[in-house]
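Enquirer: My questions are about this predicted structure, shown below with the sequence.
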There are 2 protein chains.
Amino acid sequence: MKRIFEVDPWKVATHKFSPVDKRLQESITAIGNDYMGMRGNFEEGYSGDQLQGTYLAGVWFPDKTRVGWWKNGYPKYFGKSINAPSFIGIGITVNNEKIDLAKIKFTDFYFELDMHQGLLSRSFIYEGANTKVKFEFQRFLHIRLKEAALITVKATVLAGQAEIEFNSTLDGTVTNEDSNYNEHFWLSCNENAAKRSIQVITKPNPYDVPQFTVLLKAGLRNNNHIVKGTVKTATAKLSEKLAVTLNAGESYTLEKDVIVITSRDVAPEKQSDRADKLMQQLQSKSFAENLADHTAVWQDRWTKSDVVITGNDEAQQGIRFNILQLFMTYYGEDKRLNIGPKGFTGEKYGGATYWDTEAFIFPMYLCITKPNVTRALLQYRHDQLDGAYYNAQQQGLAGALFPMVTFNGIECHNEWEITFEEIHRNEDIPFAIKRYTSYTGDESYVKNEGMDVLVGTARFWADRVHYSKWRQKYVIHGVTGPDEYDNNVNNNWFTNIMAQWVLQYTLERLPLADKAAQERLNVTKEEQAKWQDIIENIYLPEDKERGIFLQQDDFLDKDIRPATEIPLDQRPINQHWSWDKILRSPFIKQADVLQGIYYLDDRFTKEQKERNFAFYEPLTVHESSLSACIHSILAAELGRKKQSVEFYERTARLDLDNYNNDTDDGLHITSMSGSWLAIVQGFAGMRYGHNQLRFNPFVPDNWTGYSFKINYRGRLIQVEVTQQETRITLISGKELTILVKEQKVTLKEGEQNCLKA
Amino acid sequence: MKRIFEVDPWKVATHKFSPVDKRLQESITAIGNDYMGMRGNFEEGYSGDQLQGTYLAGVWFPDKTRVGWWKNGYPKYFGKSINAPSFIGIGITVNNEKIDLAKIKFTDFYFELDMHQGLLSRSFIYEGANTKVKFEFQRFLHIRLKEAALITVKATVLAGQAEIEFNSTLDGTVTNEDSNYNEHFWLSCNENAAKRSIQVITKPNPYDVPQFTVLLKAGLRNNNHIVKGTVKTATAKLSEKLAVTLNAGESYTLEKDVIVITSRDVAPEKQSDRADKLMQQLQSKSFAENLADHTAVWQDRWTKSDVVITGNDEAQQGIRFNILQLFMTYYGEDKRLNIGPKGFTGEKYGGATYWDTEAFIFPMYLCITKPNVTRALLQYRHDQLDGAYYNAQQQGLAGALFPMVTFNGIECHNEWEITFEEIHRNEDIPFAIKRYTSYTGDESYVKNEGMDVLVGTARFWADRVHYSKWRQKYVIHGVTGPDEYDNNVNNNWFTNIMAQWVLQYTLERLPLADKAAQERLNVTKEEQAKWQDIIENIYLPEDKERGIFLQQDDFLDKDIRPATEIPLDQRPINQHWSWDKILRSPFIKQADVLQGIYYLDDRFTKEQKERNFAFYEPLTVHESSLSACIHSILAAELGRKKQSVEFYERTARLDLDNYNNDTDDGLHITSMSGSWLAIVQGFAGMRYGHNQLRFNPFVPDNWTGYSFKINYRGRLIQVEVTQQETRITLISGKELTILVKEQKVTLKEGEQNCLKA
């Protein structure tokens, strides 16, 4: 754990700059507007160790697969959201000394992410030989005018005289640290000095992945007036220099306006005109006016979705940070997009689509966005069904296999134990259909496109199981469950029970599907009978004596001992132990059996849940960002309140407190919903199965209360919980009867229902 | 199966040239002299698809590891025997047309490897517009003057007039196809036109692996007279051109003499002088005289080691080819060397050391070479013990872990399921100590250096097992057994029983070790007691009902069905199936349980052997070159004569008939001993445990007989087996009583013992 920012309910701020934490700082100060995003790099540049990163949603490159030994079935490329041309650059010299925090003398460093609107501010005082200059930066990515980035830098001379030169740059010569073969992914198309623009294109590839063309255009203003400097261009680069001389007490503010257009929206030959128009639109308002427009949108988002925690600023800061970062990554406004594990904040995992979306993001977005957003997330997978059929075929299997990592539906991960084996994604994705249907009550998806997905995955599972004559059961060999610290196991309980669930749900919903869907899918009676046979005879490993489900065959054969026995200086184990030691250990990366219990919540008794929790949690090292929230929710249900809160803290502040010592790479975007789920499904005990919304709330001991809002079947409902009472208000929408602690409560629009704790 | 050479007892020859089989042809026509070797590339060059390859024993490069995702414990580099500077080049033009079999018109192609002495001959008739020229090449690598390669090309004009230009080259600009990052491994040191030499050095590396410097020097002769052409040099290249004009009926022979010196033997600054001296020595004799010297050495080798098969030329050709290729790779003359899976015949696996040496080469070399050769192979591992301790430490384990792939003792393979898991190598290597001791009767190694190896590996195993409270047994999790078509399994029977064996043998021999060894190893009573506890309580999976040992936990849970159910067009499965499908299948790559039964031969009853053979063999696809020989030996013992012979044929002609469709990469050198073992341990039933040499011979139905010789404790014994009788002759050495078909036979020097079949 390492905390480098101060605790504050609405700010993430620090007065310290520590070069060894530069990357961590950059990750936490990342901003985005669900069109593009960037790490908290410094405008003036930085010569020390850093990870320069700008990312454009949906702009990616198929990087030729790099493996030690090729295995049949490996995909040809690994897709990555590539580092995009950088546009924040405003190099600065003062009396010919380059401003570079790695080298100059400075004081009064301050860096702040204002969570009201994702506004990044930074300031410091440069101390030259005879000069002192205060620099203040502000930057935001416009949430309404998505293509726009706005930056200001204000220089105030505190002592001496300063000739200050600003060098505003656009730079397409960027690279990825994680490039497999140290290739440059961008080629120059042209540089236009007059228009202050550069245009670049991703290099050609042999995989039929379209090339992306991006145009960047910059403009400079001072006090809202356009100013022009000396422009120079080089291949994929443009710079515009401007110098001012200031005496003590004088200041100068340079405003840099940037427009970024991609070929996802505008054909390359039209990008320049489009950029001109958008720049005009942007510059028709001042920086302050643009910021006000931007902030108004954020204000609205917070009004609908803020979670207020009273009595604990750490908890409050954690959840706001997560909600902000999630919304900066994805707000459902572009149906072609999805949510990457690191969003716009780093390279590793980057902006590709993983099962994280369905398993962790989906249940939160179901409650906080309109149903069309989650439906779009479902549709995203339906649109990629061809790829899923292709993936299954590559493995020699029937049906559709959704990918572990993808941009277009085609698998692009290249570890066999993941690519070929971590196939539970083919359960998590169908399960989101059930969640959607169950929460929204909208059956139209599952009756049509949803049925394509269900039947495709059911066919995969029916082929992927095999019948063990020895066990007289259907078994599933060679999988990696959610616990990636065990690979290539047989009969992972989670995978097996969820495969059974896919077949069950598909069979159950099939007769209710639209006629057209039934016809095009043509599931024969024989096929249905086969599925039924698998459902009835699938092997679900358990230890009856201990009353637990077995994570996999042989699990009990491990050297079972609690994770507390691991010396603290060996945590996280994935950074200290050899892979061999990790695999053989009894230690679990993230919820596995417990993930299944969380999914299929109403199938298990409280006693079953308790026994499994009591067995597995002590073995779990929670080194996946996806682990703590599931444990928080289950612990809450089991009355393990203290543990539940501990897990909440871990999920809420995973990045702010760098729990897993890996936030320097980027934020754990897709697990950020975990803190919201921990509060709503955990502390407030929300459930919604069987068309019945339910709550079972409690308040953590060290909080005074919390409140949140959910969208439920056309209603906006606010839930406020304190140590004394629970207040539930139907802000808008039709009357609804819910259960609170098993008691019926009928909500009426505009009325608050107050229940004693 | 694909056979491109004709069947002949002493030749591997063909009259056909097929460009699609060029790489296969090159592999089979590879030659070597256990100092260097090369594929059967064409002297005049070839513009079609080929794999150009020259390799120098012990000259390697640490190529930076390439993996998809780094795992803790991976080695930093993958060592490879790199493609060395090429010296065979004699470019030819006839009336300005370049001779290139990919482009010219030609007839009467003939290519022959004479197995008497590893002499390569090739001829063809070039048909130009008005000219016909016959070209005849000969080439060998001198077996006595190891640094020397000799090549002749004779041009005879059959029609028309021909201006023939020869261009003799030395080329250090070669690359490896398997280079991880497309790097060149060689840098130029200098080129010396006057001395007709080039000198190159391997590029620097950050891994403390020494750089190798190589000098090549060429000279030309005609009819034994030195001739000089026009020399040109370029970076790491030298060429010498010479032209002759011939009329019909005239011929010209160019002899190219080459000396190759490496820094393994001669310091870089002394290489030039050394090369001058060796060239003088070489050129003091004619090509024919040098060839005669060379052939005399081979004659002696064959006299001692030839296996004669009567009545079956295919079988005869197979074993001679294997013996020739083995001897061309390693004859025990340089103690720093070992035997690579592909020897000098290709890149993949190349000349690195694998467990193949101890498991497959060692038992043959024990019988056909003097004990100092196998002792040197043991010593090779002892010399690398520091590396083995380092490897274990990298995995967080105690003791010594010998590497899967190495040049210097440090592991340099980078697939986790192999590097971290295929640890049975740490049993095969100690087992060779027992074999050596048991066969030679020489106890001096096991009492001293051998004990270092035994204790190091025993300590590894004692740490690598863990106690399963559930099973109340010691178990070994996360291994890959000899069957590499199953990865990361628990309790592989072979690995478990051999770990037990290591502990047993170490405990048994420890009190007999030299005092000094006992003192330096300091195995405490407690440690010994712990080992004894593991020995007594290690879990050895078996199915009592079927009476078989289980290859691993869950093996019976597979979809057990015979390999004959695999459609022929899907064989070999490793070229047709996804890795996922292979791993989950019941199909076995090579002997696994049966490998253990072969090793610990005298622990099992014939019934146990038969039941395990009957269960496992039908599941085995034999897609490792190491599989057939073990099956041949066991089948012979079990009276499954027909099967035994089939496996013999497969092991003997694996490369000649390209059984596994992968000989184009190079020959399977380390499995070539398999055919010898199949005859000696299989058909002749030789065993040597308990200080008793035994035979139990039979003759395959479609042979008339076979004979071989073995070296046994200072004796040379010849065994001749026909359908009618077995003749055993003690050619030299002290009287010895052996068992033949359980009957005592006393051998006396010079006497032949004849026993009816």
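Expert: Done, it's in.
Enquirer: Show me what from the stretch 551-700 of chain A comes close to chain B.
Expert: Residues of the stretch 551-700 of chain A lying close to chain B by CB under 8 Å from any CB of the partner chain are A:553-554, A:556-560, A:574-584. The way it works is simple: take the backbone N, C-alpha and C, and place the C-beta from them, glycine included.
Enquirer: same thing but at 10 Å, please
Expert: Contact residues, the stretch 551-700 of chain A versus chain B (CB under 10 Å from any CB of the partner chain): A:552-561, A:570, A:573-586.
Enquirer: Excluding sequence neighbours, find me the nearest residue to A:Ile423.
Expert: Distances taken as CB to CB, 6 or more residues apart in numbering or on different chains put A:Val479 closest to A:Ile423, at 6.0 Å, once the chain neighbours are dropped.
Enquirer: I'd say that neighbour and A:Glu421 touch.
Expert: Yes - here A:Val479 lies in contact with A:Glu421, judged by CB atoms under 10 Å, at a distance of 5.0 Å.
Enquirer: Show me whatever sits in contact with both of those two.
Expert: Residues touching both A:Val479 and A:Glu421 (CB atoms under 10 Å, 6 or more residues apart in numbering or on different chains): A:Asn487, A:Asn488, A:Val489, A:Asn492, A:Thr495, B:Asp580, B:Arg584.
Enquirer: okay, now the fifth one: neighbour count?
Expert: It refers to A:Thr495. 27 (other CB atoms under 10 Å in any protein chain shown).
Enquirer: For the stretch 301-450 of chain A, what lies in contact range of chain B?
Expert: Checking the stretch 301-450 of chain A against chain B by CB under 10 Å from any CB, the hits are A:348, A:393-397, A:413-421, A:423.
Enquirer: In helices, which of the residues you listed appear?
Expert: Among these, the ones falling in helices (DSSP state H) are A:Gln393, A:Gln394, A:Trp416, A:Glu417, A:Ile418, A:Thr419.
Enquirer: Out of those, which comes closest to A:Glu725?
Expert: Closest to A:Glu725 out of these is A:Ile418 (47.5 Å), distances taken as CB to CB.
Enquirer: Tell me if I'm right that the closest one and A:Pro482 touch.
Expert: No - the pair A:Ile418 / A:Pro482 is not scored as a contact, 11.8 Å apart, by CB under 10 Å.
Enquirer: Compare neighbour counts for the two and give me the winner.
Expert: Higher neighbour count among A:Ile418 and A:Pro482: A:Pro482, with 28 against 19, using other CB under 10 Å.
Enquirer: Does the more buried one touch A:Asp428 like I think?
Expert: Yes - between A:Pro482 and A:Asp428 there is a contact under CB under 10 Å: 8.9 Å.
Enquirer: so what sits against both of these two?
Expert: Common neighbours of A:Pro482 and A:Asp428 (CB under 10 Å, 6+ apart) are A:Trp355, A:Ala359, A:Gln595.
Enquirer: most neighbours, which of those residues?
Expert: Using other CB under 10 Å as the neighbour criterion, A:Ala359 leads the shared contacts of A:Pro482 and A:Asp428 with 26 neighbours.
Enquirer: my read is that one is in a helix, agree?
Expert: Yes - secondary structure of A:Ala359 (DSSP: H, G, I helix; E, B strand; the rest coil): part of a helix.
Enquirer: which residues does it contact?
Expert: A:Ala359 neighbours (CB under 10 Å, 6+ apart): A:424-425, A:427-429, A:431-432, A:435, A:482, A:595, A:598-599, A:626, A:630, A:670-671, A:673.
Enquirer: swap in A:Gly58?
Expert: A:Gly58 neighbours (CB under 10 Å, 6+ apart): A:35-36, A:81, A:212, A:262, A:264-265, A:334, A:336-338, A:351, A:407.
Enquirer: Quick one: the strands in the stretch 301-450 of chain A, in order.
Expert: A:308-310 (DSSP state E, counting those that start in this stretch).
Enquirer: For the stretch 101-250 of chain A, which residues are neighbours of chain B?
Expert: Of all the residues in the stretch 101-250 of chain A, those lying near chain B are A:Asn180, A:Tyr181, A:Asn182, going by CB under 10 Å from any CB.
Enquirer: Swap in 8 Å and give it another go.
Expert: By CB under 8 Å from any CB, the residues of the stretch 101-250 of chain A that approach chain B are A:Tyr181, A:Asn182.
Enquirer: Keep only those of the residues of the stretch 551-700 of chain A next to chain B that are in helices.
Expert: Per DSSP H, those map to helices at A:Trp579, A:Asp580, A:Lys581, A:Ile582, A:Leu583, A:Arg584.
Enquirer: Name the nearest of these relative to B:Lys277.
Expert: Distances from B:Lys277 to these, taken by CB to CB, are shortest for A:Asp580, at 51.2 Å.
Enquirer: Relative to A:Ala591, which of the shared contacts of A:Val479 and A:Glu421 is nearest.
Expert: In terms of CB to CB, no member of the shared contacts of A:Val479 and A:Glu421 lies closer to A:Ala591 than A:Asn492, at 12.7 Å.
Enquirer: I'd say A:Val3 and A:Asp655 touch.
Expert: To be clear, residue A:3 is Arg; Val isn't right here. No - the criterion here is CB atoms under 8 Å, and A:Arg3 misses it with A:Asp655 at 10.5 Å.
Enquirer: Looking at these two, which is more packed in?
Expert: A:Asp655 (28 against 12).
Enquirer: which element is that one on?
Expert: Using DSSP states H and E, A:Asp655 sits in no helix or strand.
Enquirer: List the contacts of it.
Expert: Residues near A:Asp655 by CB atoms under 8 Å, 6 or more residues apart in numbering or on different chains: A:Ser27, A:Ile28, A:Phe321, A:Thr663, A:Leu667, A:His668, A:Met672.
Enquirer: cutoff 6 Å now
Expert: Neighbouring residues of A:Asp655 by CB atoms under 6 Å, 6 or more residues apart in numbering or on different chains: A:Thr663, A:Leu667, A:His668.
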